[in-house]
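S.K.: Build the 3D model from these lines:
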Amino acid sequence: MMTYYVKKPIPVAAVKVEKENRDEIIELLKSGSTNWEELNDGFMVHSWEGVEPVKYGSNYWIIRGIKGECYPCEGSVFEESYTKYKKKYKAYLTGFDTCEYNEAKKVIEVDSKEEAEQWCQEHSSMGGYDWYVDNLFENKD
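M.R.: Got it, this is the predicted structure:
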């Protein structure tokens, strides 16, 4: 009997291969661990599957995977496999509440790391609190 698996919902970075996205594509490729070359009409990506030319307007995406590897993906496969996610941040304040004599915890969810850190700093200025910020991913659809 065959065992089936479902891919884990791990966010990946991706950019559609269009001329107007050139700078974003280069940023994505530079941040990855894959060799690549810029061509006049797109990019040559040296993925684990081989060397693949990807032209502007060819309905391809370049994806940076969880290990930093970059690879092209045909548009219809990308659309069937991925949905857009929005990064969110959760800010935590933890500490000893002297009025209640127990562990106090406050949590908020915001759209930017800066906003989360500012909230923590403002609320921890009362003293007795430690704080930290976690990254979250929320489905945008």
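S.K.: Would you map out the domains in the chain?
M.R.: 13-81, 85-139 (automatic domain parsing).
S.K.: Could you say which one of the ones you listed comes nearest to residue 7?
M.R.: domain 13-81 (8.1 Å; C-beta to C-beta). From N, CA and C alone the C-beta is placed, and that goes for glycine too.
S.K.: what's the first-to-last distance across the closest one?
M.R.: Terminal residues of domain 13-81 lie 13 Å apart, using C-alpha to C-alpha, to the nearest Å.
S.K.: roughly how far out does that domain sit from the chain middle?
M.R.: Distance of domain 13-81 from its chain centroid, counting by C-alpha atoms, centre = their mean, to the nearest Å, is 16 Å.
S.K.: Where in this protein is the helix or strand with the lowest mean pLDDT?
M.R.: strand 129-139 (a mean of 60; mean pLDDT, DSSP states H and E).
S.K.: Just checking: what are the partner strands of the strand ranked longest in the chain?
M.R.: Identified as the longest strand of the chain according to DSSP state E is strand 85-97. Strand 85-97 sits in its sheet next to strand 102-110 (antiparallel), strand 129-139 (antiparallel), going by DSSP bridges.
S.K.: Now residue 117: which helix or strand?
M.R.: helix 113-124 (DSSP states H and E).
S.K.: For that helix, buried residues please.
M.R.: Residues of helix 113-124 classed as buried: 116-117, 119-120, 124 (neighbour count, 16 or more other C-beta atoms under 10 Å).
S.K.: Ok, stretch 14-31 next?
M.R.: For stretch 14-31, by 16+ other C-beta under 10 Å, it's 14-18, 21, 25, 28-29.
S.K.: and what of stretch 71-78?
M.R.: Neighbour-count burial for stretch 71-78 [16+ other C-beta under 10 Å]: 71-73, 78.
S.K.: Quick check: the farthest pair among those?
M.R.: 71 and 78 (11.1 Å).
S.K.: Name the residues contacting each of those two.
M.R.: Residues touching both residue 71 and residue 78 by C-beta atoms under 8 Å, 6 or more residues apart in numbering: residue 63.
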